[in-house]
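K.L.:
Based on what follows, work out the 3D shape:
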Amino acid sequence: MARYDKYDPISGGFRAPLAADWAGPLATPVGVGLDANGRVVSGAGNTGVVGVMVVDGQLSSAGTRTNVKFAGDVMDVMTDGEIVDVDGLIAGTSYFADAADGTVDATAPAVGANGVRVGRTVEAQRLVVRVDQIQGA
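P.N.:
Residues are numbered from 1 along each chain as shown. Model prediction:
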C-alpha cells in the first residue's frame, strides 16, 4: 500500500479539503487539482494538476469501502517529496498525471501538448515527487 515517506510539511505540499467523497483509487498516487472553491479533486479541476495525493483506505471482504475520506476532509497534497511501496512502477522511469482523472503512469504528453510530470522512480517502488508542468517533446 503506497504511503508518504519523505514529506516536508513546510515546503513539500499543501493541505486542502476534498470537494466530494473520495471515489478515486485507494493507496495509489493520483494527480489532483483544485476546483473553483479551492477543494481537492482528482485530475486537473480548475487549476490543472498541482500535486499528488495518496488516500488511505481499505475494501472490506464484501467489496465495500471502509476507512475512506469524505467531502470536507482535509488532505495533504504532495508537490515535493517521496512516496514508497507503490506497486507497478519501473525503476528509472518518469511518471506523469492524466488531466482527466489524475491517473499516474509513464505516458508522456504528446508532442507539443502540455502535461504534468509528477516525478520519477529511483527504485521500482519509490516515486520521487517533483511536480512540474512540461510540454511533450
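
K.L.:
Low-confidence stretches in the chain?
P.N.:
Residues of the chain meeting the criterion pLDDT under 70: 57-67, 137.

K.L.:
In it, where's the longest strand?
P.N.:
Of all segments of type strand in the chain, defined using DSSP state E, the longest is strand 126-135.

K.L.:
Show me which residues of it are buried.
P.N.:
Neighbour counts over strand 126-135 (16 or more other CB atoms under 10 Å) mark 126, 127, 128, 129, 131 as buried. For glycine as for every other residue, the C-beta is placed from the backbone atoms N, C-alpha and C.

K.L.:
thought the last one was touching residue 51?
P.N.:
Right, residue 131. Yes: between residue 131 and residue 51 there is a contact at 5.6 Å, judged by CB atoms under 8 Å.

K.L.:
The chain: helices as residue ranges?
P.N.:
Taking DSSP state H, the chain contains no helices at all.

K.L.:
Could you pull up the contacting residues of the nearest residue to residue 87 once chain neighbours are set aside?
P.N.:
Closest residue in space to residue 87, ignoring its immediate chain neighbours: residue 125 at 7.0 Å, by CB to CB, 6 or more residues apart in numbering. Residue 125 makes contact with 84, 85, 86, 87, 89, according to CB atoms under 8 Å, 6 or more residues apart in numbering.

K.L.:
repeat for residue 32
P.N.:
Residues in contact with residue 32 (CB under 8 Å, 6+ apart) are 40, 41, 42, 43, 45, 49, 50, 51, 52, 53, 77, 102.

K.L.:
Pick the one among those residues closest to residue 33.
P.N.:
residue 45 (3.2 Å; CB to CB).

K.L.:
ok, back up a step: now list the buried members of the contacts of residue 125.
P.N.:
Buried subset of these (neighbour count, 16+ other CB under 10 Å): 86, 89.

K.L.:
Any chance of TSV for the contacts of residue 125, columns distance to residue 111?
P.N.:
Converted to TSV, these look like this (distance: CB to CB, whole Å):
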residue	distance to residue 111
84	33
85	34
86	28
87	30
89	24
